[in-house]
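> Have a look; sequence and predicted model below, questions after that.
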Amino acid sequence: MRGRATSGDGVSQASTSSSPASSRPDDTLVTPGLAEPRRLYGPDTKYHLSDQALREVLDLSRQCIRPDLIEYLQGALYRWKTAGFWLQAKLSEPAAKGTGREKLFNAYSYICKLENQIGDDQIRNRVAVVMLHTAYEQACKEWRHCSSQKPKGKGRGDATTVIDDILEELHGDCWHQGGRQQQLRSRFHDKKRFGKRWIILTRRLGMSILIACSPKVASAV
């Protein structure tokens, strides 16, 4: 009997001593990296974010932000400061003024120059396709305004004609080669479509996502 009581007391004491720890889990040990976000944004701050919300933010950041962002910026910021974001030694800075057609021409010509002179530069290409779609939206507004007094349906025809004129001016003799016109049109609209997707993303996450996004996000776009 005494042995059982001693055993029971031992179990009771162990259960009592362990219950406070189990009722107050240390989430900083469970979720690596939670301590600093909790200190800045947690329940005891003006933001009053719960641990669950902080975990979701951390998980989202791991999914969306490139893991080497700090190291990348340490090298890239110096290059951008000395050579300019657009590497002006190789390319002139794209024009930001003018009519919609002029901006559309400048933006698409810049995409072509980027690919020909710099190659697969993902960040600059993202910025360039955003500029392309923005210029296209402005141009469409101007075309709709100019065609408002024309017969219905003219606006689309005007847009197609202007785009064809831009592609012919940029690609010269290639434009008149058999089958090339459809290929070049498709390429133009592909770039514009990518620009629209990036614009949607930047409206939610800010322009910095063009630089900071993870490969997973970039491939999804």
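That came in fine, so what should we check first?
> low pLDDT regions in this protein?
1-32, 88-96, 118-120, 147-158 (pLDDT under 70).
> any chance you could map the strands in it?
Using DSSP state E, no strands are assigned anywhere in the chain.
> ok, now how distant is A53 from P37?
According to C-beta to C-beta, to the nearest Å, A53 and P37 sit 10 Å apart. Every C-beta, even on glycine, is put in place using the N, C-alpha and C of the backbone.
> Next: L205.
Distance of L205 to P37, computed by C-beta to C-beta: 18 Å.
> Which one's more surrounded, A53 and P37?
More crowded of A53 and P37, by other C-beta atoms under 10 Å: P37, with 20 against 15.
> OK, contacts around that one?
Residues in contact with P37 (C-beta atoms under 8 Å, 6 or more residues apart in numbering) are L49, L54, V57, L58.
> Which ones among those residues map onto helices?
Of the contacts of P37, the ones assigned to helices by DSSP state H are L54, V57, L58.
> Could you say which of those is surrounded by the most neighbours?
Taking other C-beta under 10 Å as the neighbour criterion, L54 ranks highest of the ones in helices among the contacts of P37 with 22 neighbours.
> Touching, that one and G33? I think so.
No: taking C-beta atoms under 8 Å as the definition, L54 is not a contact partner of G33, at 9.5 Å.
> what touches both of the two?
Overlap of the contact sets of L54 and G33 (by C-beta under 8 Å, 6+ apart) is empty.
> any idea where the helices of the protein begin and end?
Assigned by DSSP H, the chain shows helices spanning 2-23, 27-30, 35-41, 51-64, 69-83, 100-113, 122-146, 154-171, 180-205, 209-212, 215-220.
> could you check the angle helix 122-146 makes with the fifth one?
For the pair helix 69-83 and helix 122-146, the angle between their directions (axes from the mean of the first three to the mean of the last three C-alpha atoms, to 10 degrees) equals 70 degrees.
> What is the burial count for the nearest residue to P67 once chain neighbours are set aside?
Closest residue in space to P67, ignoring its immediate chain neighbours: S214 at 7.2 Å, by C-beta to C-beta, 6 or more residues apart in numbering. A count of neighbours around S214, defined by other C-beta under 10 Å, yields 18.
> ok, now how distant is S214 from E102?
Taking C-beta to C-beta, one finds S214 at 35 Å from E102.
> cool, W80 as well?
Using C-beta to C-beta, one obtains 26 Å as the distance from W80 to E102.
> and the gap between the residue nearest to T45 when sequence neighbours are not counted and V130?
In this structure, T45 finds its nearest non-sequential neighbour in R39, 7.7 Å apart by C-beta to C-beta, 6+ apart. R39 sits 36 Å away from V130 when distances are taken as C-beta to C-beta.
> Please apply the same query to E137.
11 Å.
> the more surrounded of these two?
More neighbours surround V130 than the other of E137 and V130, with 21 against 17 (other C-beta under 10 Å).
> unless I'm mixing things up, that one is touching R203, no?
No: counting by C-beta under 8 Å, R203 is not a contact partner of V130; they are 10.8 Å apart.
> tell me, what's touching the two both at once?
Here V130 and R203 have no joint contacts, going by C-beta under 8 Å, 6+ apart.
> you'd agree the residue nearest to P67 is up against D68?
No: using C-beta under 8 Å, S214 is not in contact with D68; the gap is 9.8 Å.
> who's in contact with C112?
With C-beta under 8 Å, 6+ apart, C112 has these contacts: L170.
> try K191
Residues near K191 by C-beta under 8 Å, 6+ apart: Y108, I111, V129, L132.
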